[in-house]
Each structure stands twice: as structure tokens, then as C-alpha cells.
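Enquirer: dropping the sequence and predicted coords here.
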Amino acid sequence: MKRILMTAFILASLFITGMTASAQGGLHSGWVFETGSKVDKHKLETSVVKGDRLNDYNLSLFHSIHLCCTPAEYREISEAVMADSNDAIDKELEISGGNVKYALLRFEGENGENRYLAMQLTSHSTYIKDETTVTDAFFLVYMEGKATIPELRAIFSKKK
């Protein structure tokens, strides 16, 4: 878990740049990454890294979102990721209470590259903030590159 957080922040600090929403095109969860999405931007941290700085990871694009959300928001995003898993050619999926706790999905990309969607629940606690119930915090990461699932596992070790 600590490795996921540290890697995300290290990659984000290397190089942050804008990107079009089309990279996640065709994914049910792609709307979460879009700048005009319905996700409350006050609860969202996003990082985009692309280019040479990702060569060591065998990736060409890394788009990370860390989000704290209400139970309804989490359920909606989780359902979108589960729908994406139906189209994945490789997948690791852990469901708890009907929601995604962990996912690593691989899709075919262009020019021999893979497209990946990863989701990791980072905390599950209910508290009241400004009369809103906040329940879950998680990372949702979209990646493109020639990296394999074993290579990504080495970068983002799954919390046991």
C-alpha cells in the first residue's frame, strides 16, 4: 500500500502535464478521468505523466486519480470498473461487499502497447464531513505502454 502511494507521488512529481480525455476512450470508467466529469473536484487529486520519464517503467502514459467519495459515488465508479472488466483481456479483480476493492485490467492498445486500468481501495471508513458521508478513498489509474502485468505488479504491489 505504501508503495502504491509513494510510486504515484514520485511519478506525479517527475512531470505533470495536461492530456486529452480520449486516452481512456472506450472505458466505462473513462468519465472519471474527464475534466468535466461529475466527480467533486474538491475531493480529487489527479496526476498525469507521459513521455521519457516513464521509460524505466515501460509505460508511455500514467494518469492517476486519488478520490475520497460518498458511498453512492464509490458504488457508481466501482460498477463502471466492473463493466470495464468484462472487456478486459486479462484481469485481476477483488470484490468486497459488491464493490471493487482491487482491480488490474489489461486491454489491447495500439502499436503493440497495452492499456491498463487499476483500482485500489486505500481506506474504508465512514465519517461525516460538512453533512456528507464520506466512506472510501481509492486510487484509479490509467496506463498505456508495453509493460506486462508482472512488471506492473512489481511497481504496484497488491496489498495482502
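Expert: Sure thing, it's come through.
Enquirer: average model confidence for the longest helix along the chain?
Expert: Longest helix of the chain, by residue count under DSSP state H: helix 71-87. When pLDDT is averaged along helix 71-87, the result is 90.
Enquirer: sheet-wise, list the partners of the helix or strand following it with their directions.
Expert: Using DSSP states H and E, the helix or strand that follows helix 71-87 towards the C-terminus is strand 90-96. Note on strand 90-96: by DSSP bridges, its sheet partners are strand 99-108 (antiparallel).
Enquirer: please save the CA atoms from the strand it pairs with in PDB.
Expert: What follows is strand 99-108, C-alpha atoms only, in PDB (Å, rounded to 0.1, in the frame of the first residue of the first chain):
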ATOM      1  CA  ASN A  99     -17.700  -3.100  -4.800                       C
ATOM      2  CA  VAL A 100     -14.300  -3.300  -6.300                       C
ATOM      3  CA  LYS A 101     -11.600  -3.400  -3.700                       C
ATOM      4  CA  TYR A 102      -8.700  -4.100  -6.100                       C
ATOM      5  CA  ALA A 103      -8.600  -4.400  -9.900                       C
ATOM      6  CA  LEU A 104      -5.900  -4.700 -12.500                       C
ATOM      7  CA  LEU A 105      -7.300  -4.900 -16.000                       C
ATOM      8  CA  ARG A 106      -5.500  -5.100 -19.400                       C
ATOM      9  CA  PHE A 107      -6.900  -4.100 -22.700                       C
ATOM     10  CA  GLU A 108      -5.400  -4.200 -26.200                       C
END
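Enquirer: what comes up buried for it?
Expert: Neighbour counts using 16 or more other CB atoms under 10 Å place Asn99, Val100, Lys101, Tyr102, Ala103, Leu104, Leu105, Arg106, Phe107 of strand 99-108 among the buried residues. Heads up, the C-betas are built off the backbone N, CA and C, glycines and all.
Enquirer: now the second one: closest residue in space that isn't a chain neighbour?
Expert: So that's Val100. Excluding the flanking residues, the one nearest Val100 by CB to CB, 6 or more residues apart in numbering is Ser78, at 4.4 Å.
Enquirer: pull the number of nearby residues for that neighbour.
Expert: 23 (other CB atoms under 10 Å).
Enquirer: equivalent analysis for Ser64, please.
Expert: So Ser64, with other CB under 10 Å, has 22 neighbours.
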